[in-house]
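Student: Below is the sequence, then the predicted model.
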Amino acid sequence: MAADQLLDTAPPPPGPLGADGTAAPPGSVGTADDRFRLRDLDGRGRLLLALLALALMAAPLRAAIVELPRWSPGGDDVLIELRARDTGTSRTPLVGQPSTSGAYGTDAANVAHPGPAGLYVLVPGVRLLGPTVGILFTTMLVTAASVLVAAWVIFRQAGPRAAAAGAVLLASAMWTAGGAGILDPLSSNFGRFALLGAAALVWALVCGDIRLLPLAVVLWSFAVQQHLSVVPAGAVLAVVGLGAVVAIVVRARGSGRPAVLRVLRWVAGGAAVGLVLWAPVIREELRPDRGNLTLLATYSEDPARVDLGYSSALGQVVRVGGLPPFVGRSSVAGWDLVEPPGPVAVVGAGMIAVVLVAGAWWARRRDPRLTGLVVSVFALGVAGVVTGANIPNSPEQGRLNFYHWAFAMSVLELLALGWLVALAARVGRSRVDSGGTGSRSPIPSTARSGAVPLAVATALVVVAAVVPLGLDREVDRLLQTVRRDVVEDFVAQIEDDPALARDGPLLVVVLGNDASVLVDDEVRVRLRADGYDVRFGPDARGYVHPDHRLNPCAASRALVIGLWSDSADAGLGGRRVAEVEVAPELDVEALDRLAEQARGQDVDLGGDLEATLVSRPGGEGGLLASRLIFTLGKAPEGILVKRDYLDLLIDHPLAAPRLDRSDLVALRDSFPDGVMSVPFTRLTADLVDRDQLRALRPDLTAGCP
């Protein structure tokens, strides 16, 4: 199919518009008359676009169906669930989840993410459908709605054929994000497609479409409130959007008072929507002590922070804006973006930038919307630079969740390039048909037909949604360390003990390192959701409302959750109420033999493994190498219980110590399905009294009388 058939974006006529997109002479950009409207389509056009919209919903729906049988909120997700349950009570959250900012500056306190919109939107689903179905259903709807808004904006600005091309690009973005990127309620993930939708709406504002301002405020606010990493990109989009609104108001002044009033009504509507969405944040900021926005400003100005900087950020934008395209890649990680681009990549990205700039200038009169789209692409490039420069220079740079702007920039850039090719082909064909006089002649009806592009696009979108079912990509799975059925069994055993329901709060504490798993938090939230008065300890300060915490000195009893990596009885001194095997199928004997082979030994990577790690993008290889060298000999279990390290050591054996390959394979193959790490093999729960708690956790009770 020719590019000009897929992206033939002539302005619509004032009368009904069929699926073929036949257009009359263009109107003035910024008026209501020059938009493509669904109600102007004939029956066939509406049907084709409806099928395309349903196809775009296939990927989120497929991801939810795959995850429903095996996922439940754990780790940070279960704390998000708890705060969603708090909404509407005296504990209603006014800001987002706590961040890890305390690790990167002089102030050890964590700045919270900007706002609670992501928590609020989960409330109906969690309360009506429960944590698993409710969260997955809600995140599915948020992604689907954001993608559909972006597709509708493309249709509204450029017509059915552009909507077909845009839908394919949006499906590619969902393919790259994977099932986990589509559904994960984690604050660092939840705003990805909302930001993409907001970027498309900012383009509409640049084109003068003031009626979309309230919707732009909704998606922009939702995305920015999710995570600190979205704030820089959101700020750039806000500046561009506000500039576009000002330009619309100025243009309206030349059309008389009625036009100004119509524009100002939409501006007032957008401002009202923004005030409602940011009211909790404003309320929190106005409290007597320092509000979160003040803390955020302080954090952003902290000179002790070590960020990636502008050189790395420019390289990130080059990698996203160059070739191969960013959307459509499989299993891409942040490490791929922070890898310094080579000369070929820089030249390629530079040539694309030159083509876009020249094309935008050439199209400024022929098709101003294309020029506006290019402006939006470059705005997202600036957003990428600002965001990338402020990412902490830490292992977190490898998380794709810090690069949401990349999805929006890649989709709009590819749309702009395709549009430019189509417009150039159309103008060239028109000149040929006019005998080189330069006058425009009618475009043949076969080239105008939108039915075939829409049908082909629908098929491609469905394929992109279904294909991941046949692959084994980490990005397609919401990962858990402790399987859902194991946690459910563990909680059920605890609830079967009649002493749990005794009057008075019950402190829940943990023995063992649960920092990365947070299974104790999952148990607490499950018990609280079932009506038990269980509490968090002082280490949960800042992560849960104070009402959910209990001073250990005031606890008459406690539930101690033990995390064990062997079968020895812990002998905690209390009464055992629950015990489960986390991974009964795990080959513990192979793990023990491998740990014995590695313990106390110096690590020599060897040429093969060292070359493999050097070839990893960004700093990923160096990080993996340092962990192997400094951890394997001292605490081998910390390495051997991670699937990615086992894969690495199987394919690229160490020079020293020599680890038995058959044991490595047996251990990896015994991991539970979908589990990437097994840091402990057994969970126990014991009810203890005050004296037993002091003996088990003296760090919690040292200051008690």
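Tutor: Yes, it's here. Numbers count the residues shown, from 1 in each chain.

Student: measure stretch 397-412 end to end?
Tutor: One end of stretch 397-412 sits 24 Å from the other (Cα to Cα, to the nearest Å).

Student: now the strands for this protein?
Tutor: 506-511, 534-535, 557-564, 575-581, 682-689 (DSSP state E).

Student: List the neighbouring strands of the second one plus their orientation.
Tutor: Yep, that's strand 534-535 we're talking about. strand 506-511 (parallel) (DSSP bridges).

Student: Next one: the residue nearest to L572 when sequence neighbours are not counted from W564, what distance?
Tutor: Leaving out its chain neighbours, the residue that sits closest to L572 by Cβ to Cβ, 6 or more residues apart in numbering is D686, at 4.5 Å. (Glycine included, C-beta is placed from N, CA and C.) Counting by Cβ to Cβ, to the nearest Å, the separation of D686 from W564 is 12 Å.

Student: swap in L518?
Tutor: 17 Å.

Student: Those two: which is more packed in?
Tutor: Higher neighbour count among L518 and W564: L518, with 21 against 17, using other Cβ atoms under 10 Å.

Student: And the residue nearest the centre of the chain?
Tutor: N189 (2.2 Å; Cα atoms, centre = their mean).

Student: What score does the residue lying closest to that residue once chain neighbours are set aside have for pLDDT?
Tutor: Nearest residue to N189, sequence neighbours excluded (Cβ to Cβ, 6+ apart): N401, at 5.1 Å. On pLDDT, N401 comes in at 93.

Student: Please apply the same query to L277.
Tutor: pLDDT, L277: 97.

Student: wait, doesn't it sit right on G118?
Tutor: No: using Cβ atoms under 8 Å, L277 is not in contact with G118, being 11.6 Å away.

Student: The two: which is more packed in?
Tutor: Neighbour count, other Cβ under 10 Å: between L277 and G118, G118 has more, with 28 against 20.

Student: Now do the contacts for that one.
Tutor: Contact partners of G118, counting by Cβ atoms under 8 Å, 6 or more residues apart in numbering, are 80, 96, 185, 187, 190-191, 222, 225-226.

Student: Quick check: of these, which lies closest to A383?
Tutor: Taking Cβ to Cβ as the measure, G191 is the one of these closest to A383, at 13.2 Å.

Student: how much space between the closest one and W266?
Tutor: 24 Å.

Student: between those two, which one's more packed in?
Tutor: Remark: of G191 and W266, G191 carries more neighbours, 29 against 17, as counted by other Cβ under 10 Å.

Student: In contact with that one, which residues?
Tutor: G191 touches 118, 222-227, 230, 404, counting by Cβ under 8 Å, 6+ apart.

Student: ok, now how distant is it from G234?
Tutor: Note on G191: its distance to G234, by Cβ to Cβ, is 9 Å.

Student: and for these two, which residues touch both?
Tutor: Here G191 and G234 share the contacting residues 223-224, scored by Cβ under 8 Å, 6+ apart.

Student: picking that back up, want to try TSV for the strands of the chain, with mean pLDDT and distance to S90 as columns?
Tutor: As requested, these are exported to TSV (pLDDT from 0 to 100; distance: least, Cβ to Cβ, whole Å):
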stretch	mean pLDDT	distance to S90
strand 506-511	90	21
strand 534-535	93	16
strand 557-564	90	25
strand 575-581	92	31
strand 682-689	91	29
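
Student: and of those, who's closest to A379?
Tutor: Once those are compared by Cβ to Cβ, strand 506-511 is nearest, at 46.4 Å.

Student: what about the closest one, distance to the chain center?
Tutor: The chain centre lies 32 Å from the centre of strand 506-511; the measure is Cα atoms, centre = their mean, to the nearest Å.

Student: ok, now which ones touch L186?
Tutor: Shown in contact with L186 (Cβ under 8 Å, 6+ apart): 76-77, 80, 401.
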